[in-house]
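>>> the following comprises the amino acid sequence and a computationally predicted model.
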Amino acid sequence: MGFFDLFNEEETRKENPKEVRKVDREADAEFAAEDAHLDLREEELDIHKHRAETGDVELHKDIVEEEKVVNVPVSHDQVIIERRAVDHEPTDEPIKEEETVHIPVTAETVNVEKHTVVTGEVSAHKRAVEETEQVRDVLHKEVAEVEAHGNADIINED
């Protein structure tokens, strides 16, 4: 085959494109007597989720001091001494050596004690919150392409 023969073969292909297709098709296609099929494939996404620790929360108590001032009413006894003059009234009682009168005096005192009471409660719990995250990827799939050559009668049933 010479240099000029390449140009002649190319011109022949341009003049008769159906014949060239027929030759190419015969080389690439599998021919079946009556029935034929192609398996069409496409990619699908395989999405897997996993749980990962993203942080933590701690609950703890601190002790704080607070000075409290409370006014408590208390009482105590007072002894009031009153003197008054008497107009020399006569009496039948003799004068004794000593005479003592005992008057008890009382007062309230304050004793402070402490006790512990529950004033509140703090609780914590977790809950799962579902949200949507968008995932993008390019998928490939095979599609069937039907070419008719000549007078082929084709019926597409989907």
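Received it, and whenever you're ready, just let me know what you need.

>>> from here on, contacts and neighbour counts on C-alpha atoms
OK.

>>> and residue 136, what element?
Secondary structure from DSSP states H and E places residue 136 outside every helix and strand.

>>> what does the model give it for pLDDT?
At residue 136, the model reports a pLDDT of 93.

>>> state the distance from residue 49 to residue 130.
13 Å (C-alpha to C-alpha, to the nearest Å).

>>> strands along this structure, start to end?
Under the criterion DSSP state E, the chain contains no strands.

>>> for residue 154, grab the count of nearby residues.
One way to gauge burial is a neighbour count; for residue 154, by other C-alpha atoms under 10 Å, it gives 9.

>>> for the remainder of this discussion, apply numbering that starts at 835.
With the count now opening at 835, the last piece we talked about shows up as residue 988.

>>> once you drop chain neighbours, what's closest to it?
Spatially, and ignoring its direct neighbours in sequence, residue 988 is nearest to residue 982 (7.8 Å; C-alpha to C-alpha, 6 or more residues apart in numbering).

>>> next one: phi and psi at the one you found?
Note on residue 982: backbone dihedrals following degrees, to the nearest 10 are phi -100, psi 130.

>>> number of residues surrounding it?
In terms of burial, residue 982 registers 8 neighbours under the definition other C-alpha under 10 Å.

>>> need the pLDDT of it.
The predicted local distance difference test score for residue 982 is 85.

>>> repeat for residue 973
Among the per-residue scores, residue 973 holds a pLDDT of 93.

>>> ok, now which ones touch it?
Listed by C-alpha atoms under 8 Å, 6 or more residues apart in numbering, the contact partners of residue 973 are 876, 877, 878, 879.

>>> how about those residues, which pair is most distant?
Greatest spatial distance among the contacts of residue 973 (C-alpha to C-alpha): 876 and 879, at 10.2 Å.

>>> still on that earlier bit, separation between the residue nearest to residue 988 and residue 872?
From residue 982 over to residue 872 the distance is 16 Å, taken as C-alpha to C-alpha.

>>> now residue 950
Distance check for residue 950 against residue 872: by C-alpha to C-alpha, it reads 83 Å.

>>> and if you look at residue 980?
To residue 872, residue 980 is 11 Å away according to C-alpha to C-alpha.
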